[in-house]
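**Student:** What follows is a predicted protein model with its sequence.
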2 protein chains.
Amino acid sequence: MQSAEAKFNKNSLLLALRRYSSAVSDMEQTILLPSLLRDVPSDEVWDSEAGEESCGDLYRNYVMLKAMRNTVESGLVPLDDHKTKNSTALNKTLEPLLDTDPEALFRFHLRGLFSVMSDLTKKTQSLTEKYMDIIGVAN
Amino acid sequence: MQSAEAKFNKNSLLLALRRYSSAVSDMEQTILLPSLLRDVPSDEVWDSEAGEESCGDLYRNYVMLKAMRNTVESGLVPLDDHKTKNSTALNKTLEPLLDTDPEALFRFHLRGLFSVMSDLTKKTQSLTEKYMDIIGVAN
């Protein structure tokens, strides 16, 4: 029974949100000098599709991960969604499907949010590790 | 200040989830004989794209709205997402965009979940009203 329960909890969206939030707290407590991340190139493309724009440095990722944690903790839905080109692209692609049945949409967004939260948690942990490499502290 | 706060809360995902949950409770308390909804055609296509399959009756919608409330309340992510054709269609369309930056994906799914929750709340209230019409109780 216990393993069934563990599996149950592992898939909880609220748990995923909490896990991300705690990874960002760890990051904040570890990265005492965020400015050391400036100009360290990031291997991830956060800003643009297919690297059309500059990829940004680790400092940018740090700021972004903190900002998203605030959104997660406030539980607020960002309405000003014209900030990034990508979300507009996503909306455009999805437009014809938005009339689909709400059950499918519900499952789709719930799973999507869960998966993006797991991804963000990994990125936060990896950024924390990179900082420790930079300051020469072994994990 | 108060109106700013009101606006703030109105966009909270957790509030949207709670609002849906309470609409379903109202529906359950009102609809004492769900079987009366059987064979009453639904004007909504829940089951299929462009009416390929049968549209289902109000009873099906009733069962679906209750099932989704359970998912919402448990906060669990449905992993068996092959149930509906539509969610597969959604995933396929989105595939090329899944490599996009996580911030855009995060905002996209958060907004999407908020919007589908509002939609489900309205559908639940409308189903409750239809039941009252059927049993001849004025709103």
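**Tutor:** Alright, I've got the coordinates. Numbering: from 1, shown residues only, chains lettered A, B, ... in the order given.
**Student:** Every contact and neighbour count from this point should use C-alpha atoms.
**Tutor:** Noted.
**Student:** which ones are touching residue A:125?
**Tutor:** By C-alpha atoms under 8 Å, 6 or more residues apart in numbering or on different chains, the contact set of residue A:125 is A:23, A:27.
**Student:** Checking it next. Helix, strand or coil?
**Tutor:** helix (DSSP: H, G, I helix; E, B strand; the rest coil).
**Student:** Could you measure from it over to residue B:24?
**Tutor:** As judged by C-alpha to C-alpha, to the nearest Å, residue A:125 and residue B:24 stand 39 Å apart.
**Student:** Next: residue A:30.
**Tutor:** 45 Å.
**Student:** ok, those two, which is more surrounded?
**Tutor:** Between residue A:30 and residue B:24, counted using other C-alpha atoms under 10 Å in any protein chain shown, residue B:24 has the larger neighbour count: 26 against 14.
**Student:** Which positions within the helix or strand encompassing the more buried one qualify as buried?
**Tutor:** Taking DSSP states H and E as the definition, residue B:24 sits inside helix B:13-30. By neighbour count on 16 or more other C-alpha atoms under 10 Å in any protein chain shown, the buried set for helix B:13-30 is B:13-21, B:23-24, B:27-28.
**Student:** burial measure for residue A:43, as a count.
**Tutor:** By other C-alpha under 10 Å, 10 other residues sit near residue A:43.
**Student:** Sorry, slip of the keys, the one I care about is residue A:138.
**Tutor:** Considering only other C-alpha under 10 Å, residue A:138 is surrounded by 8 other residues.
**Student:** same for the helix holding residue B:24, what does it pack against?
**Tutor:** helix B:58-74, helix B:102-134 (3 or more C-alpha pairs under 8 Å, 6 or more residues apart in numbering or on different chains; DSSP states H and E).
**Student:** Which stretch among the ones you listed is buried most, on average?
**Tutor:** helix B:102-134 (a mean of 20; mean count of other C-alpha atoms under 10 Å in any protein chain shown).
**Student:** orientation of that helix relative to helix B:13-30 in degrees?
**Tutor:** With axes from the mean of the first three to the mean of the last three C-alpha atoms, to 10 degrees applied, the angle from helix B:102-134 to helix B:13-30 works out at 20 degrees.
**Student:** Give me the mean pLDDT for helix B:102-134.
**Tutor:** Throughout helix B:102-134, pLDDT has a mean value of 89.
**Student:** follow-up on the earlier one: which single one of the buried residues of helix B:13-30 is nearest to residue A:106?
**Tutor:** Using C-alpha to C-alpha, residue B:17 comes nearest to residue A:106 of those, at 11.5 Å.
**Student:** State the distance from the closest one to residue B:103.
**Tutor:** From residue B:17 across to residue B:103, the span is 22 Å (C-alpha to C-alpha).
**Student:** Kindly report the same for residue A:109.
**Tutor:** Residue A:109 is 15 Å from residue B:103, by C-alpha to C-alpha.
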